[in-house]
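# sharing a model that was predicted from the sequence below.
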Amino acid sequence: MELSEYIKDTLISVVKGIEESQTALKESGSTAIINPSFTSTSEPKFLNTTNGRRMVQEVSFTIGVTIEGESGSEGGAGVKLSVLSIGGKATNKRSETEVNTISFTVPVCFPINDNLNKTGTKASFAY
């Protein structure tokens, strides 16, 4: 697999995961927001909504990926790209394995609970 194809496939997978998360949360009625469009530039970051300010947090991902180059009795050589997995089978192949990591963050506004007064707890915030 060429490096450009690997990068393309990785980015497409990340974007699809974000889009599918956004759709699933919306359909379930969640108040969470995945990758909000506007945030403040200060730390911590906030999103201004019609219901007030929402804290934006970064969810970080680090994914280990193995790249294996193989040559064996089946003829030819190739490159196999897969997310790290456990398992194996005996073969007559010589391989070289390289482990890479992909790291990225996704900004998220987690679901809110504004029913604090019902439990006798009062929240106060200073901005």
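Everything's here; your move.

# for the rest of this, base every contact and every neighbour count on C-alpha atoms.
Noted.

# packing partners of the helix or strand hosting Glu20?
Counting by DSSP states H and E, the element that carries Glu20 is helix 3-28. When contacts are defined as 3 or more CA pairs under 8 Å, 6 or more residues apart in numbering; DSSP states H and E, helix 3-28 packs onto strand 33-34.

# next structured bit after the strand it packs on?
Taking DSSP H and E as the definition, the helix or strand that follows strand 33-34 towards the C-terminus is strand 45-49.

# need the residues that contact that following strand.
Applying CA atoms under 8 Å, 6 or more residues apart in numbering, the contact partners of strand 45-49 are 36, 38-40, 53-57.

# strand partners (parallel or antiparallel) of it?
Sheet pairing of strand 45-49 (DSSP bridges) gives strand 52-72 (antiparallel).

# out of the helices and strands in the chain, which is least certain?
Across the helices and strands of the chain, mean pLDDT, DSSP states H and E gives its lowest value to strand 77-83, namely a mean of 47.

# what packs against whichever helix or strand comes after that one?
Reading on from strand 77-83 to the C-terminus, the next helix or strand found by DSSP H and E is strand 93-109. Contact analysis of strand 93-109 by 3+ CA pairs under 8 Å, 6+ apart lists strand 33-34, strand 52-72 as its packing neighbours.

# partners of strand 93-109 in the sheet?
Using DSSP bridges, strand 93-109 pairs in its sheet with strand 33-34 (antiparallel), strand 52-72 (antiparallel).

# any idea how far Met55 is from Thr23?
From Met55 over to Thr23 the distance is 21 Å, taken as CA to CA, to the nearest Å.

# who has more neighbours out of the two?
Taking neighbours as other CA atoms under 10 Å, Met55 and Thr23 compare with Met55 leading, 17 against 12.
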